[in-house]
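1. The amino acid sequence is not available; the structure is as follows:
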């Protein structure tokens, strides 16, 4: 087995072993609600449930449930598009924007805490290696797209 295959196995082992970590609990706490709020906050403009489902790789049924729950909590608003009455626009309310900001702060605080434990040297190495990983991943994806 090559070093790369061994590394992949170790990475998968670590991910499975730690699937119940604080980050997993934070992301799964509302069965997709937090990811929808984060997306709408970053997207910054009204979007359709279909666009949300496609962008977040969720089923239309899952999106409908999540949007219903978020609407009941007052975090999103669904309105009819004035230019196309068949289209529904989804936007964050002020309450939803506050929730998105809070989630962002909580995640940032957890990451800062981890980096403090890792120390400056290990953190810099982690960031450098992650940047390389992303760069190689993008190069491979572009090559695969070019091969098609």
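-> Looks like it came in fine. Note that the structure is a prediction, hence the values are computed from the model and not measured.
2. Tell me the spacing between the most centrally placed residue in the chain and residue 103.
-> Residue closest to the mean C-alpha point of the chain, counted by C-alpha atoms, centre = their mean, is residue 35 at 5.2 Å. Using C-beta to C-beta, to the nearest Å, we find residue 35 at a distance of 10 Å from residue 103. Where C-beta positions appear, they are placed from N, C-alpha and C, glycine not excepted.
3. which residues of the protein fall in helices?
-> Assigned helices in the chain, in chain order: 3-17, 22-28, 33-43, 49-56, 60-72, 94-118, 120-147 (criterion: DSSP state H).
4. mind checking which of those helices is nearest residue 82?
-> With C-beta to C-beta, the closest approach to residue 82 among these belongs to helix 49-56: 17.2 Å.
5. Tell me where the model's unsure across the protein.
-> Along the chain, segments meeting pLDDT under 70 span 18-31.
6. longest single strand anywhere in it?
-> In the chain, with assignment by DSSP state E, the single longest strand is strand 84-92.
7. What angle do helix 60-72 and that one make with each other?
-> Strand 84-92 and helix 60-72 are oriented at 60 degrees to each other (axes from the mean of the first three to the mean of the last three C-alpha atoms, to 10 degrees).
8. How far does strand 84-92 sit from its chain's centre?
-> Put simply, strand 84-92 sits 22 Å off its chain's centre (C-alpha atoms, centre = their mean, to the nearest Å).
9. can you check stretch 128-146 too?
-> How far stretch 128-146 lies from its chain's middle: 19 Å, per C-alpha atoms, centre = their mean.
10. Name the residue most distant from the centre of the chain?
-> residue 1 (32.8 Å).
11. which residue sits closest to it, ignoring its sequence neighbours?
-> residue 9 (8.0 Å; C-beta to C-beta, 6 or more residues apart in numbering).
12. Run the chain-centre distance for stretch 118-126.
-> 24 Å.
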